[in-house]
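Q: Have a look at this prediction, sequence included:
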Amino acid sequence: MNKIYIEISKLTNEFRVMAHGLTTDTEKINEAVQELMLYFLQMNPKIIENIYNKDGIQGIKKYGAVVLKRSLTSKYSRFYYKYEKYYKNLDSLNYNTSVTYSGDNISDTSSYYKSLSNIPNQEEESKWKKLERIDEELDKMYWYDREMFKLYYYKEKGKNTLDSIAKKTMISRNSIFNTIDKVRNILKKKLNE
């Protein structure tokens, strides 16, 4: 199996050339090829071995070409979620300006650059906003519904099951389930408006 992985690693430059047919961004090409190599390492070794035994190194090239094309063109690929998605949603790009003085001439060069430091953490912000909206909506509900929902979801998450709540409160499990389900549906409607 190591022999096959060594052969695959020798194809790195060929995969870069293949990716160049889909994009001219060198950084993107390098990231896509690196992701492809990781893909091969995480693949089921039996599948790689079958491809190699059946079609040799040409089969590996063809398989790699398909994965590269999917990575660089599909919004559902792993590559898109790891790299593209974050760079496309930058809140503010860092902006470089440099002014050079040489005699009577002044030249101004400005450029944008991508950096991991300026990727917005939208997931965390939206998560907290959603939790705040859930709390607001819960405050508007009947106290029994609100407390059952909080008891199930808020107190020691994962430890309060329907059965344990039923034992503690002496309320039937079905009644608790119906209440929690009702509150969940109300919250879904309210939060999706």
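A: Received the coordinates, thanks. None of the values given here were measured: they were computed from a predicted structure.

Q: Okay, now the unreliable bits of the protein?
A: Low-confidence regions of the chain, defined by pLDDT under 70, span residues 1, 84-126, 155-159, 193.

Q: domain ranges for it?
A: The record's domain parsing of the chain by automatic domain parsing lists 2-87, 122-191.

Q: Make JSON lines from these and add mean neighbour count to it.
A: All C-beta spots, glycine's among them, are computed from the backbone N, C-alpha and C. JSON lines is the format used below for those (neighbours: other C-beta atoms under 10 Å):
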{"stretch": "domain 2-87", "mean neighbour count": "15"}
{"stretch": "domain 122-191", "mean neighbour count": "13"}
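
Q: for the residue nearest the centre of the chain, what are its contacts?
A: For the chain, the residue sitting closest to the mean C-alpha position, by C-alpha atoms, centre = their mean, is Tyr81 at 4.6 Å. Tyr81 makes contact with no residue under the criterion C-beta atoms under 8 Å, 6 or more residues apart in numbering.

Q: Now do the SS call for it.
A: At Tyr81 the chain is in helix, as set by DSSP: H, G, I helix; E, B strand; the rest coil.

Q: so how far is stretch 36-54 from its chain's centroid?
A: Centroid displacement of stretch 36-54 relative to its chain, using C-alpha atoms, centre = their mean, to the nearest Å, is 24 Å.

Q: cool, stretch 173-181 as well?
A: 34 Å.

Q: Can you list the neighbours in contact with it?
A: When contacts are taken as C-beta under 8 Å, 6+ apart, the neighbours of stretch 173-181 outside the stretch itself are Tyr144, Asp145, Met148, Phe149, Tyr152, Leu162, Asp163, Ile165, Ala166, Thr169.

Q: Where does the spatially closest residue to the fourth one that is not a sequence neighbour sit, in terms of helix or strand?
A: Nearest residue to Phe149, sequence neighbours excluded (C-beta to C-beta, 6 or more residues apart in numbering): Val183, at 4.4 Å. When secondary structure is defined by DSSP states H and E, Val183 falls within helix 173-191.

Q: Run through the neighbouring helices and strands of the helix ranked longest in the chain.
A: Counting residues, the longest helix found in the chain (DSSP state H) is helix 45-73. The contact analysis (3 or more C-beta pairs under 8 Å, 6 or more residues apart in numbering; DSSP states H and E) places helix 45-73 against helix 2-10, helix 12-20, helix 26-42, helix 78-79.

Q: Please repeat the previous calculation with a cut-off of 6 Å.
A: helix 2-10, helix 12-20, helix 26-42 (3 or more C-beta pairs under 6 Å, 6 or more residues apart in numbering; DSSP states H and E).

Q: Please find the angle between the direction vectors of it and helix 2-10.
A: In terms of direction (axes from the mean of the first three to the mean of the last three C-alpha atoms, to 10 degrees), helix 45-73 departs from helix 2-10 by 10 degrees.

Q: Would you mind giving the orientation angle of helix 45-73 with respect to helix 26-42?
A: Counting by the same axes, to 10 degrees, helix 45-73 points 160 degrees away from the direction of helix 26-42.
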